[in-house]
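In: What follows is a protein structure lacking sequence information:
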């Protein structure tokens with residue numbers, strides 16, 4: 001597996017919600033990351049993939065909800081989010097593809 005492939009395994013996808021958009025106004029970007037990824041790995045992946053300087057990384061784990069699908073009980077997967085704060089002057093446009 002190549003080095004770049006490992007970085008894409010750490011960072012799954014950007015999260016574009018109303019809350020994430022409000023965070024982006026303060027220089028933060030929100031990503032869905034692997035459950036076993038730690039903060040230094042997330043920082044290294046964002047810096048090398050996007051070519052920006054990262055100031056801080058905050059993470060949160062959202063527990064999956066129990067939902068009904070066709071009358072059957074099911075459970076959504078747990079999701080780990082990373083709120084990546086960028087240094088002044090650095091931006092990432094998550095609306096365009098990588």
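Out: Thanks, I have it. Please read these numbers as outputs of a predicted model, since none were measured by experiment.

In: For the longest helix along the chain, buried residues please.
Out: In the chain, taking DSSP state H as the definition, the longest helix is helix 39-50. Buried positions in helix 39-50, judged by neighbour count with 16 or more other CB atoms under 10 Å: 41-43, 45-47, 50. The way it works is simple: take the backbone N, C-alpha and C, and place the C-beta from them, glycine included.

In: Could you provide those residues in JSON lines, with additional columns for pLDDT and distance to residue 8?
Out: Output for the buried residues of helix 39-50, formatted as JSON lines (pLDDT from 0 to 100; distance: CB to CB, whole Å):
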{"residue": "41", "pLDDT": "92", "distance to residue 8": "12"}
{"residue": "42", "pLDDT": "93", "distance to residue 8": "12"}
{"residue": "43", "pLDDT": "93", "distance to residue 8": "15"}
{"residue": "45", "pLDDT": "92", "distance to residue 8": "8"}
{"residue": "46", "pLDDT": "90", "distance to residue 8": "12"}
{"residue": "47", "pLDDT": "90", "distance to residue 8": "14"}
{"residue": "50", "pLDDT": "87", "distance to residue 8": "12"}
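
In: out of the residues you listed, who's nearest residue 79?
Out: residue 42 (14.2 Å; CB to CB).

In: mind listing what that closest one touches?
Out: For residue 42, the contacting residues are 10-11, 31, 33, 57, 59, 82, 84, by CB atoms under 8 Å, 6 or more residues apart in numbering.

In: among those residues, which are in helices?
Out: Using DSSP H, the contacts of residue 42 in helices are residue 10.

In: Any chance of TSV for the contacts of residue 42, columns pLDDT and distance to residue 70?
Out: Formatted as TSV, the contacts of residue 42 follow (pLDDT from 0 to 100; distance: CB to CB, whole Å):
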residue	pLDDT	distance to residue 70
10	90	34
11	91	33
31	93	32
33	94	31
57	95	39
59	95	34
82	95	33
84	93	38
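
In: TSV for the contacts of residue 42, including neighbour count?
Out: Below are the contacts of residue 42 laid out as TSV (neighbours: other CB atoms under 10 Å):
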residue	neighbour count
10	20
11	21
31	24
33	26
57	20
59	15
82	26
84	27
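
In: So in terms of bridging, what pairs with the most centrally placed residue in the chain?
Out: For the chain, the residue sitting closest to the mean C-alpha position, by CA atoms, centre = their mean, is residue 31 at 1.4 Å. Taking DSSP bridges as the rule, residue 31 bridges to residue 14, residue 82.
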